[in-house]
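S.K.: need coordinates for the below:
(chains A and B)
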Amino acid sequence: DAGVIQSPRHEVTEMGQEVTLRCKPISGHNSLFWYRQTMMRGLELLIYFNNNVPIDDSGMPEDRFSAKMPNASFSTLKIQPSEPRDSAVYFCASTPQVGLGTDTQYFGPGTRLTVL
Amino acid sequence: EDQVTQSPEALRLQEGESSSLNCSYTVSGLRGLFWYRQDPGKGPEFLFTLYSAGEEKEKERLKATLTKKESFLHITAPKPEDSATYLCAVQAAAGYSTLTFGKGTMLLVSP
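M.R.: Presented below is the predicted three-dimensional model:
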C-alpha cells in the first residue's frame, strides 16, 4: 500500500495568494483528517470527513480556510488569501472508520507551507 | 476539554541509557491512548494503542503502559536510531471523537 499521499511536499507563496493542498487517503479508509503542525501549538485538527462528508470543522481557523472531499480518494485544503501566519506543516491522515474500534490514524508525509 | 501534556519537552540520552517519557491526560472517558513517532520532515508513524488502565504493549526497545491519568513510554537500552519526537494522543469515548495530541517529547540518543 502506498500510504497517504500528499502534494505538494513544499509550497512557497506570497501573502494574498491562493494555496491548495492535496491528499489521497489510503484505499478503503472512510475517514480523512487535516491537521496543522507548528512549534508553538503542536498538531492541531482542522477538519475531518467521514464517508466524504465534513463532520467537524471547528478547528478551521477562519473563513480563509476551506476543505472539500469530492470522492473517497481525494481531498483538498484551500487557503485564500494566504497570510504569513499560515506557515506550518499541514498533514493529512486517514483511518478505516471513526468510532468503530479501529481508530488508528495513518499520516501522510505532510506539506510544508511557507507564506512570505 | 480533552488535554494532553507530555514531559519532558526534550530528552538527551547516551546509547544504552534507559529512560521513560510521560504523557498525562484528562479526557471525558477514554476510548484509546495512542503513541506515535515522528522523524524530522516526516509524518507521525503509529506505534501503539492502549485502551484500559494496566495495559502494556511492547515493540523492540519500546514499552508503553497506561494508568487512569497517564501513560509512560519506556525506552530500554536506546540506540541512535530511536532519536525522534514521540507524540501521545487521546481519543474520547463519546461519539465520533477525534485525537487530541500532546506537543511531544524530542528524544536524542547519542552514540
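S.K.: residue contacts, residue 2?
M.R.: The chain I'm using is chain A. A:Ile26 (Cβ atoms under 8 Å, 6 or more residues apart in numbering or on different chains). Using the backbone N, CA and C atoms, a C-beta is placed for each residue, glycine as well.
S.K.: right idea, wrong chain: chain B
M.R.: For B:Asp2, the set of contacting residues under the criterion of Cβ under 8 Å, 6+ apart consists of B:25-28, B:90, B:92, B:100.
S.K.: now, these that are in strands?
M.R.: The strands in this structure, assigned by DSSP state E, contain B:25-26, B:90, B:92, B:100 from the contacts of B:Asp2.
S.K.: so which of those reach chain A?
M.R.: Of the entries in these, the ones placed beside chain A under the rule of Cβ under 8 Å from any Cβ of the partner chain are B:Thr100.
S.K.: now the ones in strands among the contacts of B:Asp2 as a markdown table including distance to A:Ser31, neighbour count and pLDDT?
M.R.: Converted to a markdown table, those look like this (distance: Cβ to Cβ, whole Å; neighbours: other Cβ atoms under 10 Å in any protein chain shown; pLDDT from 0 to 100):
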| residue | distance to A:Ser31 | neighbour count | pLDDT |
| --- | --- | --- | --- |
| B:Tyr25 | 22 | 22 | 96 |
| B:Thr26 | 24 | 13 | 94 |
| B:Val90 | 17 | 24 | 93 |
| B:Ala92 | 16 | 16 | 86 |
| B:Thr100 | 16 | 21 | 92 |
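S.K.: circling back to that earlier point, could you redo the contacts of B:Asp2 as TSV and give each row distance to A:Ala93?
M.R.: Formatted as TSV, the entries for the contacts of B:Asp2 read as follows, by distance: Cβ to Cβ, whole Å:
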residue	distance to A:Ala93
B:Tyr25	20
B:Thr26	23
B:Val27	19
B:Ser28	23
B:Val90	16
B:Ala92	17
B:Thr100	14
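S.K.: just name the closest of those to B:Pro8, please.
M.R.: Taking Cβ to Cβ as the measure, B:Tyr25 is the one of those closest to B:Pro8, at 16.4 Å.
S.K.: show me the strands in chain A, by range?
M.R.: With DSSP E as the criterion, chain A has strands at A:5-7, A:10-13, A:19-24, A:31-38, A:42-50, A:53-56, A:65-71, A:74-79, A:88-95, A:106-107, A:111-115.
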